[in-house]
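> here is the input, now give the coordinates:
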Amino acid sequence: MTAATRSGPVSATAADDDRNQSSAPTAGRIAAIDVVRGAVMILMAIDHVRVFSGLPAGGPTPGIFLTRWVTHFVAPAFIFLAGTSAFLHGRKLGDTGALARFLLTRGLWLVFLELTVLRVAWTFTAKCAKGAKENQKGTLPPESAVAADLRKSAAT
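Modelled structure (predicted):
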């Protein structure tokens with residue numbers, strides 16, 4: 001029974017009860033999926049930090065090697081979580097056609113955002129081929145000092 005269907009004056013506690021019921025989530029999240037997703041994101045961040053620091057994949061130390069080994073499980077975990085999420089969303093929708101439309105629309109939006117917003121965010125230019133031309137001219141910044149030192153030590 002809502003506040004609008006009650007007869008007589010509505011007390012403050014009845015209004016509070018209606019407000020609390022309307023703000024309750026309609027479907028609960030599965031905590032285990034969120035925990036796995038968080039762990040996978042942390043592992044991916046660790047791997048990307050290693051890549052952008054210029055350290056090779058095999059690594060000069062056992063810690064870097066083990067970090068790279070653990071991050072090999074990240075890509076399969078992402079695919080597993082994507083499939084799990086699609087299954088759960090399809091079960092909520094109840095229609096495979098609606099799920100297909102949703103996934104296609106979402107995929108097209110992600111491609112669009114990659115080609116527009118993210119390209120400009122990474123390159124600070126709207127030109128598509130500028131990075132390739134600069135790389136051919138040799139005007140891109142040199143490799144990191146760590147990567148150069150590792151390459152020299154590997155050569156000797």
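
> what mean pLDDT does the helix or strand harbouring L88 get?
The secondary structure element spanning L88 is helix 74-93 (assigned by DSSP states H and E). For helix 74-93, the mean per-residue pLDDT is 93.

> buried stuff in that helix?
The neighbour-count check on helix 74-93 (16 or more other Cβ atoms under 10 Å) flags V74, A77, G90 as buried. (Each C-beta comes from the backbone N, C-alpha and C, glycine too.)

> try stretch 112-123
So for stretch 112-123, counting by 16+ other Cβ under 10 Å, buried means R119.

> sorry, back to before: what's in contact with the helix holding L88?
Residues outside helix 74-93 that contact it (Cβ atoms under 8 Å, 6 or more residues apart in numbering) are 27, 30, 33, 36-37, 40, 43-44, 47, 96, 99, 102-103.

> with only the CA atoms kept, save that helix in PDB.
Output in PDB follows, covering the C-alpha atoms of helix 74-93 (Å, rounded to 0.1, in the frame of the first residue of the first chain):
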ATOM      1  CA  VAL A  74      43.700 -12.100 -17.200                       C
ATOM      2  CA  ALA A  75      42.600 -12.400 -20.800                       C
ATOM      3  CA  PRO A  76      40.700 -15.700 -20.400                       C
ATOM      4  CA  ALA A  77      39.100 -14.300 -17.200                       C
ATOM      5  CA  PHE A  78      37.900 -11.200 -19.100                       C
ATOM      6  CA  ILE A  79      36.400 -13.400 -21.800                       C
ATOM      7  CA  PHE A  80      34.800 -15.600 -19.200                       C
ATOM      8  CA  LEU A  81      33.400 -12.600 -17.300                       C
ATOM      9  CA  ALA A  82      32.000 -11.100 -20.600                       C
ATOM     10  CA  GLY A  83      30.200 -14.300 -21.400                       C
ATOM     11  CA  THR A  84      28.900 -14.600 -17.800                       C
ATOM     12  CA  SER A  85      27.600 -11.000 -17.900                       C
ATOM     13  CA  ALA A  86      26.000 -11.600 -21.300                       C
ATOM     14  CA  PHE A  87      24.300 -14.800 -20.000                       C
ATOM     15  CA  LEU A  88      23.000 -13.100 -16.900                       C
ATOM     16  CA  HIS A  89      21.800 -10.000 -18.800                       C
ATOM     17  CA  GLY A  90      20.100 -12.300 -21.300                       C
ATOM     18  CA  ARG A  91      18.400 -14.200 -18.500                       C
ATOM     19  CA  LYS A  92      17.100 -10.900 -17.100                       C
ATOM     20  CA  LEU A  93      15.800  -9.800 -20.500                       C
END
